[in-house]
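Student: what follows is a protein structure lacking sequence information:
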Ligand SMILES: [Zn+2]
């Protein structure tokens, strides 16, 4: 989305931090199950996902993060024959003049790119936890960049395991190296 300079120190620190970002409460675990059971209404999904993110952010001492679930297909490129890329969701934040977080936002599209079906509950939850891990990277670990390192996926997995929903993640973390990420946004 934005061309940004690769930050080697961010990458190394991201690799090294493999622990769980937060020790979730029973409330967070309950909300996680409610996200999985939220059904096919985008507004309801958004509402419950917001409660979960509020709970995780509060426990982790992070600034609030808004969740937006547009009832729209994922952004994608299509060459006429096959899907070339797609984005389940992304994370953005802005700082105010004092360097404090003015706002932070997770956006997750409610429908698949081509067939425009409602995305599966596990995919939705996986994406939600993934984007919140970016929020944690920037404002918990205070990394200037949030990369998809092996450490990033270890944090995500530790979080999902602590929430007792490790099964929503793919079996192998696909740590692809320094691809996405940025000071203000990440896929
Ligand atoms: Zn990401």
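Tutor: That came through fine. The shown structure was predicted, so the numbers you read here are calculated from the model rather than taken from an experiment. Numbering: from 1, shown residues only.
Student: what about the residue nearest to the spatial centre of the chain, helix or strand, and which?
Tutor: Among the residues of the chain, residue 131 comes closest to the average C-alpha position under Cα atoms, centre = their mean, at 1.0 Å. Of the helices and strands defined by DSSP states H and E, residue 131 is found in helix 121-139.
Student: so for the helix or strand following that helix, mean pLDDT?
Tutor: Where DSSP H and E defines the elements, the next helix or strand beyond helix 121-139 is helix 150-162. In this model, helix 150-162 has an average pLDDT of 96.
Student: what residues of helix 150-162 count as buried?
Tutor: 150-160, 162 (16 or more other Cβ atoms under 10 Å). Yep, even glycine has a C-beta here, placed from its N, CA and C like the rest.
Student: looking at those, which is nearest the ion?
Tutor: Nearest to the ion among those is residue 152, at 7.5 Å by Cβ to the ion.
Student: what's the separation between that closest one and residue 121?
Tutor: 23 Å (Cβ to Cβ, to the nearest Å).
Student: how about residue 29?
Tutor: Separation of residue 29 from residue 121 (Cβ to Cβ): 16 Å.
Student: does residue 121 touch residue 33 like I think?
Tutor: No: between residue 121 and residue 33 there is no contact under Cβ atoms under 8 Å: 10.2 Å.
Student: follow-up on the earlier one: contact partners for the residue nearest to the centre of the chain?
Tutor: By Cβ atoms under 8 Å, 6 or more residues apart in numbering, the contact list for residue 131 reads 89-91, 106, 108, 186.
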